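Trainee: Make a model of this:
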Amino acid sequence: MATRSLAIASPLVEVRAVSHSYGRTGTGQVLDNVDLTLNTNEVVGLLGRSGSGKSTLLRSIAGLILPQDGEVRFVPGDDGAEPSVAMVFQTFALFPWLTVLQNVELGLEAQRVPAEERRTRALAAIDLIGLDGFENAYPKELSGGMRQRVGLARAIVVNPSLLLMDEPFSALDVLTAETLRSDLLDLWSEGRMPIKTILIVTHNIEEAVLMCDRILVFSSNPGRVAAEIKVDLPQPRDRLDPAFRQLVDDIYARMTARPAAAPAHKDGLFPGMGIAMVLPASSTNALAGLIEEVDGTPFDGRAALADLADSLQLEVDELLPMAETLQLLRFAELTGPDIKLTASARRYAQAEVDDRKAMFKQALLAHVPLAQHIRRILDERPSHDAPGRRFRDELEDFMSSEYADQTLRIVTHWGRYAEIFAYDDEDDRFSLDDPA
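Mentor: A predicted model of the protein is given here:
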């Protein structure tokens, strides 16, 4: 970024003690006491899992959400003008009945820019992002990548100081996303856009390292800035560069690190004690597939999470919950940026279906208190059945109704696979009708 590196950085946006909750009772806390500063001439990434509050923070900065506590402050420039904001969404958000030119002009029209100036600026933005010749095309005539370019042109045409991007490449195929990332970085590094700062939300670790000068790693439930990582690698960056790979591995290690003591009654991944443990939505098929992949060639029982993500084409949001579920069940150990299968997991990889079920049942009853609890209640009742509502009510003493429902759904899936209990979805009822 030769052109950008010559400019002096200064504060553009200051976020101070921002907290936000959803729900009528305010129990669904999404952000907790978030502090950060965005400076000029930098690309900043918000990296974290789904539900960590990244998009909520982005919308708070954009003014689309008013945080319940704290402050988002824009620092006026030398001329006294307050910075302006534009946003690029994940899902294109184009009006299908308007042409490319008309979609790009929308923001200018809202600002009451005269028609002739509107057209001139919109045509220049369309040309800048590489869609010259498609001015009169409608969104349905464009590919996903071209539609996202229209969204980018619509954002930059209003000359924002801050460009907010909410997972802008996640809806695109791999090659299209790579091309658009490269083009955006070229425009940024050459100073061809009026933008002073870019803030991008992502859960793709490699994307964050490729694009960003600084990465803020978010913890989940509620969202907090868990780590701040400065990326000193020169642009353009090479994924195969050992320094690049090392940084990716370091971030995986940070994101898999467990706190020394998890709070007892908080939503999140495996917090709490006993049945209050919140479980991730990992299917038994996905878990089996992950075990088989790590057990096989070239990993032979141990794999770097970054290499595994590349091999399976998985985002960190998809891979980490599965890896941590295997750790919970004692089928794997997470050591820094690596996952290592235990001896029982390696036996599982080679076992037949019935033996796999028996091994999974043993692990589930030994290490997931909620599965133990449901089975014990069913064993003790003369009828050997119980309504699902009974267990949801118990879980809601420790967590939100959303997490209670998710946790019960996943333990139901695991328990049925292991033949620990049966479940009738229509009657919302657990029983011992089917288990061996």
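Trainee: Need the pLDDT of His265.
Mentor: pLDDT, His265: 36.
Trainee: mind checking the SS state of Arg49?
Mentor: Counting by DSSP: H, G, I helix; E, B strand; the rest coil, the backbone at Arg49 sits in coil.
Trainee: mind listing what it touches?
Mentor: 203, 218, 220, 255, 316-317, 320-321 (CB atoms under 8 Å, 6 or more residues apart in numbering). Using the backbone N, CA and C atoms, a C-beta is placed for each residue, glycine as well.
Trainee: The same query, at a cut-off of 10 Å, please.
Mentor: When contacts are counted by CB atoms under 10 Å, 6 or more residues apart in numbering, Arg49 touches 203, 218-221, 223, 255, 268-269, 280, 315-318, 320-321.
Trainee: Ok, Thr56 next?
Mentor: By CB under 10 Å, 6+ apart, the contact set of Thr56 is 18, 20-22, 30-31, 34, 64-65, 67, 201, 222-223.
Trainee: Secondary structure element for it, which one?
Mentor: helix 54-62 (DSSP states H and E).
Trainee: just checking, Ile200 touches Ser170?
Mentor: No - taking CB atoms under 10 Å as the definition, Ile200 is not a contact partner of Ser170, at 11.0 Å.
Trainee: what sits in contact with each of these two?
Mentor: Counting by CB under 10 Å, 6+ apart, the residues touching both Ile200 and Ser170 are Glu207.
Trainee: What are the buried residues along the one helix or strand Asp183 maps to?
Mentor: Using DSSP H and E, Asp183 sits within helix 174-189. Of all the residues in helix 174-189, those buried under the rule 16 or more other CB atoms under 10 Å are 176-177, 180-181, 183-185, 187-189.
Trainee: I'd like the distance from it to the chain centre, please.
Mentor: 20 Å (CA atoms, centre = their mean, to the nearest Å).
Trainee: The nearest residue to Ala332 once chain neighbours are set aside - how many residues pack around it?
Mentor: Of all residues not flanking Ala332 in the chain, Leu326 sits nearest, at 3.7 Å (CB to CB, 6 or more residues apart in numbering). Other residues lying near Leu326 total 24 when counted by other CB atoms under 10 Å.
Trainee: so Leu326 is in which element?
Mentor: Short version, using DSSP H and E: Leu326 is in helix 316-328.
Trainee: State the mean pLDDT of that helix.
Mentor: Across helix 316-328, the per-residue pLDDT values average to 86.
Trainee: need the next SSE after it, C-terminal direction.
Mentor: As assigned by DSSP H and E, the chain's next helix or strand after helix 316-328 is strand 332-335.
Trainee: Just give the strands next to that following strand in its sheet, each with its orientation.
Mentor: strand 338-341 (antiparallel) (DSSP bridges).
Trainee: Figure out how far the partner strand is from the centre of its chain.
Mentor: On CA atoms, centre = their mean, the centre of strand 338-341 falls 22 Å from that of its chain.
Trainee: buried set for the next helix or strand after it?
Mentor: The first helix or strand that comes after strand 338-341 along the chain, using DSSP H and E, is helix 343-350. Within helix 343-350, the residues scored as buried using 16+ other CB under 10 Å are 344-346, 348-349.
Trainee: Next, the residues that contact helix 343-350 from outside, please.
Mentor: With CB under 10 Å, 6+ apart as the criterion, helix 343-350 contacts 287-288, 290-296, 300-301, 326, 329-333, 339, 341-342, 351, 355-356, 358-360, 362-363.
Trainee: from what I can see Arg381 touches Arg429, true?
Mentor: No - applying CB under 10 Å as the test, Arg381 and Arg429 come out as separate, 11.7 Å apart.
Trainee: more neighbours, the two?
Mentor: A direct count of neighbours by other CB under 10 Å for Arg381 and Arg429 places Arg429 higher, at 16 against 13.
Trainee: And the more buried one, what's its pLDDT?
Mentor: At Arg429, the pLDDT value in this model is 92.
Trainee: What of the one 5 residues further on?
Mentor: Taken from the predicted model, the pLDDT recorded for Asp434 is 56.
Trainee: dump the residue contacts of Ala286.
Mentor: Neighbours of Ala286 in contact, by CB under 10 Å, 6+ apart: 312, 314, 318-319, 321-322, 325.
Trainee: Only the buried subset of those, as a ChimeraX command please.
Mentor: The following ChimeraX line selects those of the contacts of Ala286 that are buried, judged by 16+ other CB under 10 Å:
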select :312,314,318,319,321,322,325
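Trainee: What is the nearest of the contacts of Ala286 to Asp405?
Mentor: Lowest distance from Asp405 to those (CB to CB) belongs to Pro321, with 16.8 Å.
Trainee: care to break this structure down by domain?
Mentor: 2-255, 274-431 (automatic domain parsing).
Trainee: ok now the first one, how far from the chain's centre?
Mentor: Per CA atoms, centre = their mean, the displacement of domain 2-255 from the mean C-alpha position of its chain is 15 Å.
Trainee: average pLDDT for it?
Mentor: Mean predicted lDDT for domain 2-255 stands at 84.
Trainee: same thing with stretch 377-392?
Mentor: Per-residue scores along stretch 377-392 average to 90.
Trainee: buried residues in that stretch?
Mentor: Neighbour-count burial for stretch 377-392 [16+ other CB under 10 Å]: 377-378, 384-386, 388, 391.
Trainee: So which of the residues you listed are in strands?
Mentor: Of the buried residues of stretch 377-392, the ones assigned to strands by DSSP state E are 385-386.
Trainee: Just the closest of the buried residues of stretch 377-392 to Arg147, please.
Mentor: Set against Arg147, the nearest of these by CB to CB is Gly388 (42.3 Å).
Trainee: which non-adjacent residue is nearest the closest one?
Mentor: Distances taken as CB to CB, 6+ apart put Asp428 closest to Gly388, at 4.1 Å, once the chain neighbours are dropped.
Trainee: neighbours around the one you found, how many?
Mentor: Based on other CB under 10 Å, the number of other residues close to Asp428 is 13.
Trainee: That one is in contact with Arg409, isn't it?
Mentor: No - when contacts are counted by CB under 10 Å, Asp428 is not listed as touching Arg409 (11.3 Å).
Trainee: Next, show the common contact partners of these two.
Mentor: Going by CB under 10 Å, 6+ apart, residues that sit against Asp428 and also against Arg409 are Gly388.
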